[in-house]
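Mind looking at a prediction? Sequence and model below.
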Amino acid sequence: METQDPQFAPTGIKVFDALVREKEPEIRGRSKVWRFSFDGMSRYFFDLNLQLTPEDDPASWVQFDTESDAWYFGRWIQRRDRMILCYAEGDITLTLYDSAEAYDDALVELCERYEPAAAFTAFDFEEKTMTRYYEDRRPLFYDSSKYDAFLAETKEEDGTD
């Protein structure tokens with residue numbers, strides 16, 4: 001059985017994991033960061049190669065849906081090992097957080113920066129209504145009260161209920 005490097009939790013993409021293992025991470029506060037740049041890629045490389053399984057599987061990667069998602073931009077979250085992966089126009093950043101608190105704080109920052117994208121939209125043609133459904137981001141957090149506090153603060157700022 002392969003032993004896992006204590007400073008790195010594998011993404012499940014063998015070629016990418018090999019690159020990460022060969023490079024020293026940048027230590028940034030409560031996280032380790034690896035940065036790479038590749039030409040000729042798109043976010044779909046990660047959509048097709050990450051272990052995107054049901055959210056109730058702690059080893060699963062989950063897409064962090066945003067209004068900014070496009071072929072040149074995407075973010076994925078892996079809760080068990082406290083990792084966030086970002087692909088933006090050929091630049092790839094993998095961040096591994098040293099604690100659940102640091103990971104949750106990073107997720108709050110992502111929520112502040114990126115509006116959620118509608119997971120799907122339903123139309124009722126008889127009633128002439130449109131309803132958008134959004135992903136619940138609570139399951140991504142270790143301490144979901146941090147997300148609840150973010151939502152409450154956002155509602156206060158917007159003046160909404």
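Received, thanks.

where do the helices sit along the protein?
Counting by DSSP state H, the chain has helices at residues 14-22, 44-49, 100-113, 144-158.

which one of those is the most hemmed in?
Mean neighbour count (mean count of other C-beta atoms under 10 Å) peaks for helix 100-113 among those, with a mean of 16. No exception for glycine: its C-beta is placed from N, CA and C like everyone else's.

And the contacts of that helix?
For helix 100-113, contacts defined as C-beta atoms under 8 Å, 6 or more residues apart in numbering pick out 29-31, 64, 75, 77, 79, 82, 84, 95, 97, 137, 140-143, 146-147, 150.

and it with helix 144-158, angle?
Here helix 100-113 points in a direction 30 degrees away from that of helix 144-158 (axes from the mean of the first three to the mean of the last three C-alpha atoms, to 10 degrees).

pLDDT averaged over helix 100-113 - what is it?
The average pLDDT within helix 100-113 is 95.

ok, now stretch 38-58?
Mean pLDDT, stretch 38-58: 78.

hey, C-alpha coordinates of that stretch in PDB?
Provided in PDB are the C-alpha atoms of stretch 38-58 (Å, rounded to 0.1, in the frame of the first residue of the first chain):
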ATOM      1  CA  PHE A  38      -0.500  25.100 -18.400                       C
ATOM      2  CA  ASP A  39      -1.300  26.100 -22.000                       C
ATOM      3  CA  GLY A  40      -4.000  24.400 -23.900                       C
ATOM      4  CA  MET A  41      -6.200  23.300 -21.000                       C
ATOM      5  CA  SER A  42      -9.700  24.000 -19.900                       C
ATOM      6  CA  ARG A  43     -11.600  23.500 -16.700                       C
ATOM      7  CA  TYR A  44     -13.100  20.300 -18.200                       C
ATOM      8  CA  PHE A  45      -9.800  18.500 -17.600                       C
ATOM      9  CA  PHE A  46     -10.700  18.700 -13.900                       C
ATOM     10  CA  ASP A  47     -14.400  18.100 -14.400                       C
ATOM     11  CA  LEU A  48     -13.600  14.800 -16.200                       C
ATOM     12  CA  ASN A  49     -10.700  13.600 -14.000                       C
ATOM     13  CA  LEU A  50     -11.500  14.600 -10.400                       C
ATOM     14  CA  GLN A  51     -13.400  12.100  -8.300                       C
ATOM     15  CA  LEU A  52     -16.700  14.000  -8.500                       C
ATOM     16  CA  THR A  53     -18.900  11.600  -6.500                       C
ATOM     17  CA  PRO A  54     -21.900  12.200  -4.300                       C
ATOM     18  CA  GLU A  55     -21.500  14.900  -1.700                       C
ATOM     19  CA  ASP A  56     -22.000  12.500   1.200                       C
ATOM     20  CA  ASP A  57     -18.700  10.800   0.300                       C
ATOM     21  CA  PRO A  58     -16.000  12.700   2.300                       C
END
